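Asker: what follows is a predicted structure for the sequence shown.
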Amino acid sequence: MAEFTSLYSGSSGNCSVVRYGRHYLLVDMGKSCRTTAAGLKALDLAVSDCDGILVTHEHSDHVKGLGVFLSKFPMPVYGAADTLDMLLQNGIVPANCDAVTLGTGAAEDVGAFGVEMFPTSHDVPCVGYRVHTPDGKVMAIATDLGVLTPRVHEALSGCDLVALESNYDLHMLRTGRYPYYLRARIESPRGHLSNDECSAKLLELIQDGCERFALCHLSQENNTPEKALETVFTTLAAAGVVPDADCIVQAQRRNEVSPVLTF
């Protein structure tokens, strides 16, 4: 059975695990090597069993710990050409590590997994991933996107698990302490996804049969896990949708390992 969890998830740092058997992939590494290694240890995961690291984009909350980690534990890094070029030029990916550019077409082999990359709408080149596990399951992760483009809709459809950004509560953002330019950036089509936008997509996915959801990248200033979950279930109730008993919607934890979701 395949598993997904976050070692940590939020505006201060992001790192997720997709696992099947002893093999696993990491997605991003936005906190220190020590924090990441502690999370892996808590899950009883050996670094030697990691098939590679998928990087979504260059922002520090997604790559801050990558350089030190790779200097201690060399392994392949996968992503888009623009992002990998930046990481190589700045020494974040050491010369002794393979930096592998993925295409945006069919799934490509990454260790035991098949991985499709798809673009997301953010203010730097940014991607999400659709991961096929050896037992035929599929999950997708999309964070740091200001709008759900047709390509993202396509990538999230038909999945057994979806990890999707639920970054901010609109009221908290607009009445909070952020300056106008920052609020405008977050709300823009190249910013982040709100609770309302995330919940509308989850409604659609639940109606199509998906039953496992991880709400990711919650803002510390403009959201809470309770707000994000409340918005999901309010949206479902307004549409008259009652999820099956097996349906799980889980807000990922900011500073600790989240409970494992099987799919």
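Answerer: Perfect, thanks for sending it. Residues are numbered from 1 along each chain as shown.
Asker: got a pLDDT number for Gly105?
Answerer: Gly105 carries a pLDDT value of 79.
Asker: from Cys50, how far off is it?
Answerer: Per C-beta to C-beta, to the nearest Å, Gly105 is found 25 Å from Cys50. In this view, the C-beta of every residue, glycine as well, is placed from N, C-alpha and C.
Asker: between those two, point out the one with more neighbours.
Answerer: Cys50 (19 against 9; other C-beta atoms under 10 Å).
Asker: state the pLDDT value of that one.
Answerer: 98.
Asker: which ones are touching it?
Answerer: 24-26, 73, 75 (C-beta atoms under 8 Å, 6 or more residues apart in numbering).
Asker: and these, which is closest to Gln89?
Answerer: Met75 (19.6 Å; C-beta to C-beta).
Asker: that closest one contacts Cys97, doesn't it?
Answerer: Yes: counting by C-beta atoms under 8 Å, Met75 touches Cys97, with 6.5 Å between them.
Asker: who's more crowded, those two?
Answerer: With neighbours defined as other C-beta under 10 Å, Met75 and Cys97 compare such that Cys97 has more, 20 against 16.
Asker: how about the contacts made by Pro189?
Answerer: 121, 146-147.
Asker: narrow those to just the buried residues.
Answerer: With neighbours counted by 16 or more other C-beta atoms under 10 Å, these contain buried members at 121, 146.
Asker: now the contacts of Pro189 as TSV including pLDDT and distance to Asp244?
Answerer: Converted to TSV, the contacts of Pro189 look like this (pLDDT from 0 to 100; distance: C-beta to C-beta, whole Å):
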residue	pLDDT	distance to Asp244
Ser121	98	31
Gly146	98	31
Val147	98	29
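Asker: export the contacts of Pro189 to CSV and tack on secondary structure?
Answerer: Shown next, in CSV, are those (DSSP: H, G, I helix; E, B strand; the rest coil):
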residue, secondary structure
Ser121, coil
Gly146, coil
Val147, coil
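Asker: ok, of the contacts of Pro189, which one's closest to Thr234?
Answerer: Distances from Thr234 to these, taken by C-beta to C-beta, are shortest for Val147, at 21.6 Å.
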